[in-house]
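Trainee: Here's my sequence, what's the structure:
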Amino acid sequence: MDMLWNGWGDPAKAAPLPDSVTGLLRDVLGVKPRSTPALALDDLRLPAPTAGPAALAALAAAVGGAGHVRTDAESRVRHTRGKSTPDLLRIRTGDVTDVPQAVVLPATHDEVIAVLRACADHALAVVPFGGGTSVVGGLAPERGAFIALDLRRMDALLDLDPVSRTAVLQPGLRAPEAEALLAGQGFTLGHFPQSFEWSSIGGFAAARSSGQASAGYGRFDEMVLALTLATPEGTVETGRAPRSAAGPDLRQLILGSEGAFGVITSVTVRVRPLPETKIYEGWRFASFEEGAAALRRLAQDGPRPTVLRLSDETETLIGLASPDKIGAGPGQSDAGCLAIAGYEGTPEETAYRRERAAAVLTTCGGTPLGTEPGERWAHGRFSAPYLRDALLDVGAFAETLETAAFWSRVPELYAAVRTALTDTLTAAGTPPLVMCHISHVYENGASLYFTVVSAQGEDPVAHWTPAKHAANEAILAAGGTISHHHGVGTDHRDWYLRETGELAAEALRAVKRRLDPDGLLNPGVLLPTD
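Mentor: From the prediction side, this is the model:
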C-alpha cells in the first residue's frame, strides 16, 4: 500500500478531531476553518516531463524494462517531497512544481549502478526514495530535472546469522516487514521510530534514525555493522567486523549522508532475541526539571529502561503523550509531568530492572501511576502524525522539531527554543502552544522533541519559516545540535554547515566530488549545490 499522497499513512486510520478539541483550538489559539476546499489528486496539474525518450529508454534498460519506470501523474505526485507540514500544505494547495520526471524501481545493486550511469549520461539528478517520510526537505532537491529512485523492489532479508546475531537487509524493506521477517526466526531490530509503519531500512541508515526504544536497543547507526553503497563512480563496501582499528570508520561517513554520497543497497545490522516480556508504565513528576534529573540518574547510573521519555507540563496537560487520548478529558497523570518507562527482555531481567529503576525514580520524586499510562502510550505511539493531519484539516498549524545537547545544557536549550518559537509566532499574530518531551536519553545528554500548534495565518508556510529559523538559531546558540534524528535535508543544511565548521564542510564536499562528480545525487541536500 502507498502512503496517503497529501497526508500521513493509511487513509483508513485517519480520524477527525473531537469537537472539544476543535473548540479549544478556536477559543485559545484563534484557529479558523479552512476557506478553500481540499484538492483531489486529479485536480493537480503537473508540469510535463522534460526527460526525453532516449533518457527513459536508458532508464528502462537499466532496470529490466519499461514496466519499472513510471511516468504517470499519480506515481510522480506520490514521490513529491516528504511529509513535513510545509510539504503537505504545499501539495494540498496544488504546488507540485518539484515533481520528479519519473519514478524508477531497481531490483539489485547492479541495477542501481546502471541507473546512476544512465542519469549521468542524460543529466538527470537522482533522489533515493524509501518510505518517503522525510520531514526536513530530504526529498526536495535543488536541481531541475530529477528522478525518484524508489527502492521498494529491494525488500529482502538476504541473510541471518544466528551465531553472530546479524542480519543483512535490503534498503527498500519497510520496517514492519523487516520486523516480521526477523521475528519469524526469533529476532528483532528493536527499532521503532514514530515513522515505523512507513519508513524503510535504507532510510533509517541514511538519516541516522533513532527509535523510541533507543535507551535499550540503541540508535539505528549503533546497530549498523556494514553497508554497501552504490555511487556514480562505483561501489563502496564498508564493515567486515564488529569493530576495527583499520583507519577511520567509513560506515559513519555513509550513515546520515541522506543520499548525497550514494545509494545504500544493503545494510548489515545486529539483531537481538525477541523479548519475552514487555511492560510499560507511567510516572508523575512535579516539574520537568525534577523529571529530567530522574531520567539523567537512570541514564548515567542505571538501571536504564528500554524506553525512557518525559513530557513537560504542557504536553502532559494536553495529553500528547497518548495521541489517542486527546480530547478525552483529564486523568490521574494530567498534572505535573508524565514519564514513560518501558522494560523488555526475559521475565527475570525485566522484573529486576523494573524494581531497581522504580527505587531510583521514587527517590528522585516520582510517583508511580501503574501500567495504564504506559500501555496507552505504547498503543498510540504511531498515531501522532495522523493527529497532525487532523489539525491541518481544521485550519490549525502543527509541526515538530528536535535537537539534543549535553545534560548541563538541556535546561538552557529547552527554554531558548520555547522562547524563540513563542516570541516569533506571537509577533506574527498567531500565538502558539509549544510542547516538549525528552525523547531519547544517553549517559551524557538527551534529545528534546518539540511540538508546535498555532493558527495557520494567511500564508502557513511563510508563517512558519521565520519561527523555524528562530528555533534553529536558538538551538545553535544554546549549544544544541541542529538535528538529533530527523536529519539535515535542505531545511537544516545552512545551520548544519555552521555547526560542523567550514573546514569540515570542505572535507565533505571533497568526498561528494569524488563519489558524485556531476552532483547528481540529491543535490542541495546535506550540502549546497556548487
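Trainee: Remind me what whichever strand or helix holds residue 21 packs against, helices and strands.
Mentor: Secondary structure assignment for residue 21, by DSSP states H and E: helix 19-24. Here helix 19-24 touches no other helix or strand, going by 3 or more Cβ pairs under 8 Å, 6 or more residues apart in numbering; DSSP states H and E. C-beta: built from backbone N, CA, C; applies to glycine.
Trainee: tell me the mean pLDDT over that helix?
Mentor: The average of the pLDDT scores along helix 19-24 is 86.
Trainee: And the average pLDDT for the helix or strand just after it is what?
Mentor: Counting by DSSP H and E, the next helix or strand C-terminal to helix 19-24 is helix 53-62. Predicted confidence along helix 53-62 averages 98 (mean pLDDT).
Trainee: Please identify the buried residues of helix 53-62?
Mentor: 55, 56, 58, 59, 60, 62 (16 or more other Cβ atoms under 10 Å).
Trainee: all helices for the stretch 201-350 of the chain, in order.
Mentor: 201-206, 214-217, 220-223, 251-254, 288-301, 313-318, 347-363 (DSSP state H, counting those that start in this stretch).
Trainee: Any idea which of those helices gets closest to residue 231?
Mentor: Closest to residue 231 of the helices of the stretch 201-350 of the chain is helix 251-254 (Cβ to Cβ; 10.2 Å).
Trainee: what distance separates that closest one from the centre of its chain?
Mentor: With Cα atoms, centre = their mean, to the nearest Å as the basis, helix 251-254 stands 18 Å off its chain's centre.
Trainee: what's the answer for stretch 410-429, then?
Mentor: So, by Cα atoms, centre = their mean, the centroid of stretch 410-429 is 22 Å from its chain's centroid.
Trainee: Okay, buried residues for it please.
Mentor: So stretch 410-429, judged by 16+ other Cβ under 10 Å, has buried residues 410, 413, 414, 416, 417, 418, 420, 421, 422, 424, 425, 428.
Trainee: which regions of the stretch 51-200 of the chain lie under the pLDDT threshold?
Mentor: Within the stretch 51-200 of the chain, not a single segment meets pLDDT under 70.
Trainee: so where do the strands sit in it?
Mentor: Under the criterion DSSP state E, counting those that start in this stretch, strands of the stretch 51-200 of the chain are mapped to 69-70, 102-104, 125-129, 146-150, 157-161, 166-169, 187-188.
Trainee: what's the closest of those strands to residue 279?
Mentor: Per Cβ to Cβ, nearest to residue 279 of the strands of the stretch 51-200 of the chain: strand 187-188, 16.2 Å.
Trainee: circling back to that earlier point, okay if I get the buried residues of stretch 410-429 as CSV plus distance to residue 50 and pLDDT?
Mentor: CSV is the format used below for the buried residues of stretch 410-429 (distance: Cβ to Cβ, whole Å; pLDDT from 0 to 100):
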residue, distance to residue 50, pLDDT
410, 49, 98
413, 45, 98
414, 47, 98
416, 45, 98
417, 42, 98
418, 45, 98
420, 41, 98
421, 40, 98
422, 44, 98
424, 39, 97
425, 39, 97
428, 38, 94
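Trainee: Helices - which of those land there?
Mentor: Counted as lying in helices by DSSP state H, out of the buried residues of stretch 410-429, are 410, 413, 414, 416, 417, 418, 420, 421, 422, 424, 425.
Trainee: Considering those, which is situated nearest to residue 240?
Mentor: For those, the nearest to residue 240 is residue 410 (37.8 Å; Cβ to Cβ).
Trainee: ok, the residue nearest to that closest one when sequence neighbours are not counted - contacts?
Mentor: Spatial nearest neighbour of residue 410, excluding adjacent residues (Cβ to Cβ, 6 or more residues apart in numbering): residue 446 at 5.7 Å. With contact set as Cβ atoms under 8 Å, 6 or more residues apart in numbering, residue 446 has these partners: 292, 295, 296, 299, 404, 405, 407, 410, 438, 440.
Trainee: One more pass at 7 Å, please.
Mentor: 295, 404, 407, 410, 438, 440 (Cβ atoms under 7 Å, 6 or more residues apart in numbering).
Trainee: Could you check how far residue 519 is from residue 115?
Mentor: As for residue 519, its distance to residue 115 is 16 Å (criterion: Cβ to Cβ, to the nearest Å).
Trainee: State the pLDDT value of the residue nearest to residue 296 when sequence neighbours are not counted.
Mentor: Nearest residue to residue 296 in three dimensions, chain neighbours excluded: residue 407, at 5.3 Å (Cβ to Cβ, 6+ apart). According to the prediction, residue 407 has pLDDT 98.
Trainee: which SSE is the most centrally placed residue in the chain in?
Mentor: The chain has residue 486 as the residue nearest its centroid, 4.4 Å off, counting by Cα atoms, centre = their mean. Secondary structure assignment for residue 486, by DSSP H and E: no helix or strand.
Trainee: what's the closest non-adjacent residue to it?
Mentor: Closest to residue 486 by Cβ to Cβ, 6+ apart is residue 136, at 5.0 Å.
Trainee: Contact partners for the residue lying closest to residue 215 once chain neighbours are set aside?
Mentor: Once flanking residues are discounted, residue 215 sits nearest to residue 308: 4.4 Å by Cβ to Cβ, 6+ apart. Each residue near residue 308 by Cβ under 7 Å, 6+ apart is listed here: 215, 295, 298, 341, 441.
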